[in-house]
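[1] What would the 3D arrangement of this be:
(one chain, ligands or ions: 1)
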Amino acid sequence: MAQDIVNLNSQKPASSRKRQAIRILQVTDCHLHTDTEWKLAGINTQLSFEWVMSLAERHKAETDLLLLTGDLVHDASAIGYTRLKRYVEDFGIRACCLPGNHDKPDMLRTHMQGRLVETPKEIKLGNWLIVLLDSTLPHSEGGHLSDQELQTLDNALGNHPEHHVLIALHHHPIHINSAWMDKMALDNPAPFLSILNRHGNVKGVVWGHIHQTFDTELNGIKMMGTPSTCIQFIENQDKFGISTTPPGFRWLELLPDGRINTGIERIAELPPGLDLKTAGY
Ligand SMILES: [Fe+2]
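    Alright, predicted model coming up:
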């Protein structure tokens, strides 16, 4: 049974309690598939995911949470989600998931439930609250926050004024200087940003979707886009283009005073087969 609010404070490892900082790994846009040999732009997405997770393994001892921010299974199949859940449970860190435009939210919520895997709307960790939003719009690559999601966010921020807040969603809520990708951004950023500005406790927003690194600050809030675990798109380019940059993940350290340290780690090289002539995805 899916739980909307998860309190992980009782489950924090001793090493983390001593540090009093919360360490998160954001892993996104895995584009896994029923078929483990399936390729996106020539790259085997299962293999690429496993290579990235091998790098993430080095952070395991100090990590409190894996945050999976959508486009997890490209064909939204039960087989794909079940394999991912098993992989993450074997990895051994608690994982929370939200859907992207290639997922089917109901399928994801049904199958990504288990001993260490769940799909909550809110996670409490130390004096931080993490809010997970569903920005998917049926049959659309672009994003939208429904009135219900905006209300969930408004309530969560209002109910926890003493908590620092990190928000996670799939779609980018601000443009990233890439016309083709910005057509698929969140289409109603105004009410979202207005809620953030009305409450003073949001310190950061993280998303996937853009398959590239993006870091900026807006009204004192860190705005962070994260590379995919498979193919990367060329940054600051108006037309679609695939980059040869290797895939990776983002680490985040949430400090008790509300500051966020963060960085990107990438594997040394892409798995073989990248097709730079791919016209779209
Ligand atoms: Fe994606």
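[2] give me the beta-bridge partners of the residue positioned nearest the centre of the chain?
    Central residue of the chain (CA atoms, centre = their mean): residue 69, 2.4 Å from the mean position. Per DSSP bridges, residues listed as beta-bridge partners of residue 69: residue 98.
[3] residue contacts, it?
    Residue 69 makes contacts with 26-29, 98, 100, 168-170, 206-208, 226, as judged by CB atoms under 8 Å, 6 or more residues apart in numbering. Just so you know, the C-beta spots here come from the backbone N, C-alpha and C atoms, and that holds for glycine as well.
[4] got it, and residue 195?
    If you count contacts by CB under 8 Å, 6+ apart, then residue 195 has 150, 153, 154, 157 around it.
[5] Roughly how far does the residue nearest to the centre of the chain sit from the ion?
    Using CB to the ion, to the nearest Å, residue 69 is found at 10 Å from the ion.
[6] separation between that residue and residue 272?
    To residue 272, residue 69 is 27 Å away according to CB to CB, to the nearest Å.
[7] cool, residue 258 as well?
    43 Å.
[8] Which one of these two is surrounded by more residues?
    Counted by other CB atoms under 10 Å, residue 258 and residue 272 do not tie: residue 258 has more neighbours, with 16 against 9.
[9] Just give the nearest non-adjacent residue to residue 38, would you?
    With sequence-adjacent residues excluded and distances taken as CB to CB, 6 or more residues apart in numbering, residue 38 is closest to residue 45, at 6.5 Å.
[10] Residue 182 too?
    Per CB to CB, 6+ apart, closest to residue 182 is residue 175, 4.4 Å.
[11] where does the stretch 51-200 of the chain dip in pLDDT?
    Counting by pLDDT under 70, the stretch 51-200 of the chain contains no low-confidence range.
[12] in the stretch 101-250 of the chain, which spans are strands?
    Residue ranges of the strands in the stretch 101-250 of the chain, as given by DSSP state E, counting those that start in this stretch, are 117-118, 122-125, 128-132, 164-168, 202-207, 214-218, 221-225, 232-233, 242-243, 248-254.
[13] and the last one, which strands flank it?
    In other words, strand 248-254. Within its sheet, strand 248-254 is paired with strand 22-27 (antiparallel), strand 260-266 (antiparallel), according to DSSP bridges.
[14] For it, list every residue counted as buried.
    Taking 16 or more other CB atoms under 10 Å as the neighbour-count basis, strand 248-254 is seen to contain the buried residues 248, 249, 250, 251, 252, 253, 254.
[15] tell me the angle it makes with strand 128-132.
    Using axes from the mean of the first three to the mean of the last three CA atoms, to 10 degrees, the interaxial angle of strand 248-254 with respect to strand 128-132 works out to 140 degrees.
[16] got the angle between strand 248-254 and strand 221-225?
    Between the axis of strand 248-254 and that of strand 221-225 there is an angle of 160 degrees, by the same axes, to 10 degrees.
[17] Check the average confidence over strand 248-254, would you?
    pLDDT averaged over strand 248-254 equals 98, rounded to a whole number.
[18] residues making contact with that strand?
    Contacts of strand 248-254 with the rest of the structure, by CB under 8 Å, 6+ apart, involve 21-28, 52, 55-56, 59, 125-126, 128, 164, 166, 203-204, 206, 224, 226-227, 229, 260-267.
[19] Just the buried ones among the residues you listed, please.
    By the neighbour-count criterion of 16+ other CB under 10 Å, the contacts of strand 248-254 include these buried positions: 21-28, 52, 55-56, 59, 125-126, 128, 164, 166, 203-204, 206, 224, 226-227, 229, 260, 262, 266-267.
[20] can you give me the helices for the stretch 51-200 of the chain?
    Counting by DSSP state H, counting those that start in this stretch, the stretch 51-200 of the chain forms helices over residues 78-91, 105-111, 147-159, 179-182, 189-198, given from the N-terminal end onward.
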